[in-house]
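Participant: quick one, what's the 3D model for this:
(2 chains)
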Amino acid sequence: MNQEITSTANKSEQPVLPARHFPHISAPMKTRHIMLDVVISLIPSVAVAVYFYGLRALTVTLMSVLLCVVFEFLYRFWLKKPSSIGDLSAVVTGLLLALCLPAAAPYWMVAVGDFFAIIVVKQLFGGLGKNFMNPALAARAFLYSFPALTAVGSASGGWFWKGIWSSVGTASSETPMALMQSGKLPSQSLSQMLFGQHGGSMGETCAAALLLGGLYLIFRGIINLRIPSCYIATVAVLTFLFPLGGNDRLLWMTYELLGGSLLLGAFFMATDYVTSPVTRGGQVLYAIGCGGLTVLLRYFGAYPEGVYFAIILMNTAVWLLDQIRPRRFGAPRFDAWKKRLSVFRKEKGG
Amino acid sequence: MSARRKKKKKTAKTGSTVGSPSVQQRSGTVRAAVTPNQSVSVAPAVKNETRPKKDSQTAQPKKLDRSRVRAIFLDGLLLNNPVLTLMLGLCSALAVTTTLLNAIGMGIATTLVLVISNVAASFLQKRISGSLRLFVHIAVIAVLVMGVDLLMQALTPGLSKSLGIFVPLIAVNGIILARAEAFASGNALGAAAWDGVSMGVGYTVVLCIMGTIRELLGAGTLLGHSVFGSGFQPVLYLALPCGGFFTLACLAALAQHLKRRLGGKRE
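Facilitator: Residues are numbered from 1 along each chain as shown, chains lettered A, B, ... in the order given. Reported below is the predicted structural model:
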């Protein structure tokens, strides 16, 4: 008996079902490749932030990335789980969190945010693929609990070396979003909105750099256009229909689209694989929900920017949107809906 | 009456596989009174108890002997902690714990009601018929809470004002009814009173821990005194309701961990 078992054990070391027959095309697409592309696509935004806010933007970003990786490594090491820092997802989380923060954010706040993102939101729920919220966004929402710090406008024009060690002089020039919540158009021109030169978090600065990164991701096939386009279109339609303060519709809409973290959220955060729906219909509904909530929160919320909260809220609804199944192959159109309706009718009649 | 007896027998049979015999006798009524999950999550209280499957009118109430004192206290503090294990009384636990003072006041008030209602339930167990028990318990608890509320308004008006609606709401706190139904009405006076004390202490301790964490980090103060100085940035998140849930979840996880370690040592 024992011999038999050992012999089968030996056999089982060889592949039992060699999947070889067809000419397969191998695609070495792993999590690491996807994440690397996301990192590459975020580099222009970081570069622009460094250009406008000085070296402190770079130190905040690097520290955020480093701490995310360290926290991820320590948690997995401490619990004796296989290390997962190789898939670079922690790097992306760190980058995104840094881009959500103003460059003047103190270092300890970055550290607290990284801890919350990696340990609480991601690893406690089981690591990458099991987090129910985007870790970077959840951490950003957590950091709203420091009201004095999130109000920092992080005015542009800090010189290159200035303020790496001390916290940057917080000249609280109002960010465009704060002005727009009270129904006024910001003083910046449209080209300034597009290319930077206004206060806000690092990622809000330059819409053009974000667009560049987003287009790179679409070009590489990492994300598809469905979620970003539906998201941005919803915001555009709603702000065009309901401008605040009696402003010109078209101008108001353009400022709403270019200001704030809308593009960052639409291209890099709402499209997170883990926390967005799988099916087409689900993705469209998800993006429309994100857009509607963003406008509602921008108009009526307590904070000037609503993108973060909108995406987090829709993240928690993804399980529901994933109930929408695609049509069975060969089944007549709207078959499932007809069945549901017929059940409803029977119940009503009986 | 016969229907009730049947139901009770059923729960006793199925219950013996789920948990310990000690808590199962009344589980049917607890289930009806509170929610289904809460009676199932009750962990073993005292293992050497064997209960006759008869009506409470004929069964002998369990007395408090020396071996049970520690077991009951540990039960209230950790193994069967009303907030962290039974998940009862969460509303007050989440709402009140923004400051330590509120938590202490709420804990003491609840403990007071809990002890007296347990004693009353134990005293009444043979004097009222089974079908009336639930209503009598609720009436007793309501009267007690009115008394405590008036007492707090007279003695500590500030605390009473800051606790607000949550003092009268002790009347519908699940812990008190659950202990009266599940424990006190099958036990002798001493055991019931001691159970009330230990459950109350368990509740108060959890509330105090939550209150300390939330007040210290959420406002930077402790009992109204500033702790860290002016440079401290309070974590607003913890002072908000979401912070209450967060703290509670962390504490419940810690309690599970401690219970597991304790169980490992026993074996």
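Participant: interface residues of chain B facing chain A?
Facilitator: B:233-238, B:240 (C-beta under 8 Å from any C-beta of the partner chain). No exception for glycine: its C-beta is placed from N, CA and C like everyone else's.
Participant: buried ones among those?
Facilitator: With neighbours counted by 16 or more other C-beta atoms under 10 Å in any protein chain shown, these contain buried members at B:233-238.
Participant: in helices, which of the residues you listed fall?
Facilitator: With helices identified by DSSP state H, the entries of those that belong to them are B:236-238.
Participant: would you turn those residues into a markdown table with pLDDT?
Facilitator: Listed next are those as a markdown table, based on pLDDT from 0 to 100:
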| residue | pLDDT |
| --- | --- |
| B:Leu236 | 83 |
| B:Tyr237 | 85 |
| B:Leu238 | 88 |
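Participant: do you know how far A:Arg280 is from A:Trp78?
Facilitator: A:Arg280 sits 41 Å away from A:Trp78, going by C-beta to C-beta, to the nearest Å.
Participant: sorry, back to before: out of the buried ones among the residues of chain B next to chain A, who's nearest B:Ser117?
Facilitator: Minimum distance to B:Ser117 across these is 32.6 Å, recorded for B:Leu238 (C-beta to C-beta).
Participant: look at the closest residue to that closest one other than its chain neighbours and give its secondary structure.
Facilitator: Excluding the flanking residues, the one nearest B:Leu238 by C-beta to C-beta, 6 or more residues apart in numbering or on different chains is B:Gly218, at 3.8 Å. Three-state call for B:Gly218 (DSSP: H, G, I helix; E, B strand; the rest coil): helix.
Participant: who are the contact partners of B:Ser122?
Facilitator: Shown in contact with B:Ser122 (C-beta atoms under 8 Å, 6 or more residues apart in numbering or on different chains): B:61, B:184-185, B:187-189, B:191-193.
Participant: let me know the pLDDT of the residue of chain A found nearest chain B.
Facilitator: Distances between chain A and chain B by C-beta to the nearest C-beta are smallest at A:Ser145, namely 3.5 Å. We have a pLDDT of 79 for A:Ser145.
Participant: same thing with A:Leu262?
Facilitator: A:Leu262 is given a pLDDT of 91.
Participant: one more: B:Leu223?
Facilitator: 85.
Participant: my guess is it meets B:Leu100, correct?
Facilitator: Yes. Assessed by C-beta atoms under 8 Å, B:Leu223 is found in contact with B:Leu100 at 5.5 Å.
Participant: hey, what's in contact with both of the two?
Facilitator: Common neighbours of B:Leu223 and B:Leu100 (C-beta under 8 Å, 6+ apart) are B:Glu215.
Participant: okay, those two: which has more neighbours?
Facilitator: Neighbour totals were compared for B:Leu223 and B:Leu100, and B:Leu100 leads with 22 against 12 (other C-beta atoms under 10 Å in any protein chain shown).
Participant: circling back: now, the most widely separated pair of the contacts of B:Ser122?
Facilitator: Using C-beta to C-beta, the contacts of B:Ser122 span at most 13.3 Å, a distance reached by B:Ser185 and B:Ala193.
Participant: the more surrounded of these two?
Facilitator: B:Ser185 (28 against 19).
Participant: from B:Ser198, how far out is the more buried one?
Facilitator: Counting by C-beta to C-beta, the gap from B:Ser185 to B:Ser198 is 17 Å.
Participant: cool, A:Ser191 as well?
Facilitator: Relative to B:Ser198, and taking C-beta to C-beta, A:Ser191 is found at 71 Å.
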